[in-house]
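A.B. asks: Structure, please.
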Amino acid sequence: MKYAFFPDLAVRNPTFSHVHYFSSADFDQLLQQDMFRAALYLASADFYSELEKRGFEYEKLSNAQKNTLRKYFNRACFRPTPFGAFSSITSVGWTGAEDGIRFREEKVNTHLKLDYQPSLKLCEKILETEAGGMMRYRTNASLYKIFQHFRYIKYSVDDQQLKRSFSIISLMENEMISKVVDFCKSGRLQSEITGFLLEKTRYDRNVIESFVEQLIGEQIILPEWGGNITGEGCLEELLEHLSVQGLQSERIESVRSVLSEINMAAGQPQYLQACRQQLGMLLDETEMGKNIFYAVTERNNAEGGINNKYQQMILDGLYCLDKLVPFYGNTELENFKQAFTAKFEGREIPLLVALDPEAGIGYENQEAIVYGEGALLKDIHFDSVNQEREEYLQWTAGHALLLNKLHQQHENRDYRQLLLTEEDIAVIKPSGRDYELPPSISTIFRIHNEFVYLESAGGASATSLIGRFSSFGDNFLSMARKIAEREQSLNKNVIFAEIAHICDMHAANINRRKHIRQYELPVVTVSTLGEEQQLALSDIFISVRNNEIILRSKKLNAVIIPRLSSAFNHRNGSLPLFRFLCDLQYQGLKSSFKLELNNFFPGLRFYPRVVYKQTILSLATWYLSASDFSFLRTTDPARWYEQFNKLATSINLPRYFALTQYDNHLVFDRNDHEEVLLFLDAVRNYDSLTLTEFLMNEENGDRVTDSRGNPLISQYIAPLYLNDAVYNQPHNPGFGEQQETNADPAAGTDWLYFKIYCHPVKANELLCDVLMPLLNMVRHTNFVDKWFYIRYTDPDHHIRLRMHMLNGQSDILIALFSKTLKGLLDDRKIERYHLDTYTRELDRYAPASIEDIETFFFASSFFTVHYINSGMKGESRHSYDLDIIMLALEDIQNAFELTLEQRALLFEELYTGFYREFGETRNLKKSLEKKYHELRKEMNVIYENLGQLKESQGIHCSQLFEATKTVADKVAIMQDVRVEKLIGDMIHMHLNRLFVQNPRQQELIIYYLLYKHYTAMVYRKQLSR
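C.D. replies: Below is the predicted model:
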């Protein structure tokens, strides 16, 4: 591999030496240390308050509080990952010396910043009051035009979860908005916008001022300051801007005072509390949030460095991992490329249009997020099938090698480690490589005696791990900028642009960073770079050439490569556009060099350590379940230590091991009685857990020591760069004109069958505003006696409309519907349409007459469209009321005269099948249970009032019941008919007509709710006997 090392790297250490933990932990003394108290306060102000109430006396704490304290101290001694004042990061260098690193000073430097949430709240208050007249506004960079409509992305904030949600807003173009949009392409004062409109229109000042306020409120124009995630902190940037303008006020001075106090409060818990009280005079508790500080700790005055010999070990490990770890492209990007090529072919179109779920193709089927999530799906956790795990199951030469090695290990009864040699790796022959290596990568490693443990390696850029620290020290900012500059200098044919976006107030702390790259791409947020260095979303065009997605800046006429210099997991972002840009970082790059044997061979209980030469590639790992710890429920606590050691011996657990669960990482000594009990207390409620060996160095084997010579657990981040260009080909594609395709009608029979392709969120408008008036007309004129529709994906979303014709009037009907649909096609309200042949599902509905089933389908469609058109609440036609679902399904069951017990069994069977389809995960089950508890009372009220609801639906409801009853009566006289299967199919088809997005997920939720509802009714019935 042609990677080379940058001269600088970072070392991360816990605040305390681990020798203090096992040998001489004195918690009374520890609780008297200001530094430890401050670290606790920054980690959890609530827990700090409980300690304060007890005078910080260890013996006055409850057992639970003692265990919590021990866990915090465990973290402060063993885990180097940044966490407030419990761990530190330091910039060091590679060296030829063997002395390692020693910190000359005992004191650590904790950099404190105001948490992003209260910072943003203070910005908003200042902008709404003092700075209102001085703030410049600019047109929302996400605004674009489609026909006579302006469309743009607007955000709102959930004050409880502190997350932003996004929606696409569409509004008719008018002269005043158009004027403002053009006028505000450069930043304008509110007074300037008002004056401009007064000059250009005949409206009076009050109307114009109100109109401008509305434009600001609706985010059509956005302030240039006060919400940035890159550069200086958003609050600091705003204060500096106002200072230049000469604006002063009591509030502004108070904010400056708070920021000044925060800078001096680190390490002093009483000062931290005072800062919170001072901030409380400016914001209320909700606005402040629980934790008002964000901290990163740095150690100063480091002597020495890391010996260069470890570089070769890292390169050896990367060579081996490149051979072993398979490369797989991003499935979502592949799907996008196919959809884009199918719709736009080789043309280049605006990025915002391409990502628009209606005008373009969207991304990741996340339309429900942008257009509003239905109440049913809210807070339900469908764990996506692990794509990476599935891909690893595709057999490779690496699989064969590792399996043979595991087999040899088993034969030799050597379970400690799996050793790979050069000869082993040579067996994996190079194949035609369909990927490139990233321009730079980060490696995270530890030194274990004479070995290097390569914890992880990869990323689209080495800036992703260093970026978050750029706000806290010039050393880290310099490292990040050197990485970015080296990438750009070696890849001159493209421009790397930093993605700036805010989606989560908590994550914004680790996401904020200084300006690292020359250009930034702000996504529904502010950038404080100069205007010439900002790439507006509306400036970016997209095409697919040679199976590669190309972004081009129209302004710069250059290919743009997006980058996110942050460790934030962009998959947690809710805006599809942001996720797309972040996914695009990895296009064609092999960005992961991490070996996890459970991905190669899932489901095993134990995986050994894997070693190549002097590089440890993965640690020995055990996957245990609650059954392994059944003794916690059945055995006297006095014997727990003994029982645990029996388990530990049977699975060859080493003396030092780590519990890794979610974000928790605790280290234990199985020879220490207290430690084992602490571990058992931590896991007693787990269903499953993961243990790994912990690499404890031999005496004098540590490479980093504190000022007193005590060894520190150390983790290193070393950035590497590729000496070759990765992005070689310049792309300057021209603009193409979009072409329309014509429908291809075909002849019909007794049934006329149209497939009408449109975006799913527009399907209800198509049904209610276009098709329903036509269908009513052709029924009343006796061209058609019944019709029905279903929603379908093949893989594109469409409505399948089937009409039963009378008197063979197909030519007239085809001409009538084609004329209407052609107009929709010309206006781009549908994507395409065509006629098809209707094949009846005779096998599926064999127990009943297919004609009666089709009549049921008609009644179901008639009922559903009537409800969508007139009965739905709210502004959109994309969410449904539970009462109308329960009414229809109750009528279907009543027609078949099912008992309560039969209903409970029916929905248990339906729910179980769908639950299995979605992976039967614990998270899904828990969220379904939570959803039922939220809706249980509402469902009982609905059930008690179904009679009134039925009356309100009139003929539409009675027709559904009568059509179902006809089917039920015919089935009732047949033998050997599985009625439950038929009822389930009828219910499934009815719900299909209702649900716009994620129909199968929503079906699962309905089936679970009704299963629980009827089960509870059966239980109450039994109790009443």
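
A.B. asks: Please look at A497 and P562 and confirm they touch.
C.D. replies: Yes - using C-beta atoms under 8 Å, A497 is in contact with P562, at 5.7 Å. Heads up, the C-betas are built off the backbone N, CA and C, glycines and all.

A.B. asks: Just want to know which of those two has more residues nearby.
C.D. replies: Shown here are A497 and P562; by other C-beta atoms under 10 Å, A497 has more neighbours (25 against 22).

A.B. asks: if I look at that one, how far off is K930?
C.D. replies: 41 Å (C-beta to C-beta, to the nearest Å).

A.B. asks: Then Q277?
C.D. replies: 37 Å.

A.B. asks: quick one, which of these two is more surrounded?
C.D. replies: K930 (13 against 8).

A.B. asks: Tell me which helix or strand that one sits in.
C.D. replies: K930 is part of helix 922-944 when elements are defined by DSSP states H and E.

A.B. asks: now that helix, how far from the centre of its chain.
C.D. replies: The chain centre lies 25 Å from the centre of helix 922-944; the measure is C-alpha atoms, centre = their mean, to the nearest Å.

A.B. asks: Pull out the buried residues from the helix or strand just after that helix.
C.D. replies: Scanning forward in sequence from helix 922-944 by DSSP H and E, the next helix or strand is helix 946-972. Of all the residues in helix 946-972, those buried under the rule 16 or more other C-beta atoms under 10 Å are 949-950, 953, 956-957, 959-961, 963-968, 971.

A.B. asks: ditto for stretch 787-797
C.D. replies: W787, F788, Y789, R791, D796, H797.

A.B. asks: try stretch 668-685
C.D. replies: So for stretch 668-685, counting by 16+ other C-beta under 10 Å, buried means 668-670, 672, 675-683.

A.B. asks: Next: stretch 188-195.
C.D. replies: Buried residues in stretch 188-195 (16+ other C-beta under 10 Å): R188, Q190, I193, T194.

A.B. asks: my read: the second one touches R138, true?
C.D. replies: So that's Q190. No - Q190 sits out of contact with R138 when judged by C-beta under 8 Å, with a separation of 11.9 Å.

A.B. asks: what ranges do the strands span in the stretch 101-250 of the chain?
C.D. replies: Counting by DSSP state E, counting those that start in this stretch, the stretch 101-250 of the chain has strands at residues 101-103, 108-114, 136-139, 144-146, 149-158, 163-172, 188-189, 221-223.

A.B. asks: Please report the distance of E287 from E642.
C.D. replies: Distance from E287 to E642, by C-beta to C-beta: 53 Å.

A.B. asks: Looking at the two, which one has more neighbours?
C.D. replies: E287 (17 against 11).

A.B. asks: For the protein, which helix or strand comes out least confident on mean pLDDT?
C.D. replies: helix 387-392 (a mean of 49; mean pLDDT, DSSP states H and E).

A.B. asks: Before we move on, what's the pLDDT of T749?
C.D. replies: Looking at T749, its pLDDT is 63.

A.B. asks: now the one 3 residues further on
C.D. replies: Listed pLDDT for L752 reads 92.

A.B. asks: sec struct for it, please.
C.D. replies: Recorded secondary structure, L752: strand (DSSP: H, G, I helix; E, B strand; the rest coil).

A.B. asks: Pretty sure it sits against S818.
C.D. replies: No - here L752 does not reach S818: they are 10.9 Å apart, not a contact under C-beta under 8 Å.

A.B. asks: Pretty sure Q643 sits in a helix.
C.D. replies: Yes - under three-state DSSP, Q643 falls within a helix.

A.B. asks: how close does the closest residue to T964 other than its chain neighbours get to M989?
C.D. replies: Distance criterion C-beta to C-beta, 6 or more residues apart in numbering; nearest residue to T964, sequence neighbours excluded, is A895 at 3.8 Å. Look at A895 and M989: by C-beta to C-beta, they are 15 Å apart.

A.B. asks: Pretty sure N547 sits against F340.
C.D. replies: No - assessed by C-beta under 8 Å, N547 is found out of contact with F340, at 10.9 Å.

A.B. asks: who has more neighbours, those two?
C.D. replies: F340 (19 against 10).

A.B. asks: so what does the helix or strand encompassing F817 touch, helix or strand wise?
C.D. replies: For F817, the element it lies in under DSSP H and E is helix 810-826. The contact analysis (3 or more C-beta pairs under 8 Å, 6 or more residues apart in numbering; DSSP states H and E) places helix 810-826 against strand 751-757, helix 772-780, strand 832-836.

A.B. asks: Deepest-packed of the ones you listed, please.
C.D. replies: Mean neighbours per residue, mean count of other C-beta atoms under 10 Å, is largest over the helices and strands packed on helix 810-826 for strand 751-757, with a mean of 20.

A.B. asks: Return the list of strands paired to that strand, each annotated with direction.
C.D. replies: The strands that strand 751-757 pairs with in its sheet are strand 797-805 (antiparallel), strand 832-836 (antiparallel) (by DSSP bridges).

A.B. asks: after the last one, next one along is what?
C.D. replies: Spelled out, it's strand 832-836. Immediately after strand 832-836, counting by DSSP H and E, sits helix 850-870.
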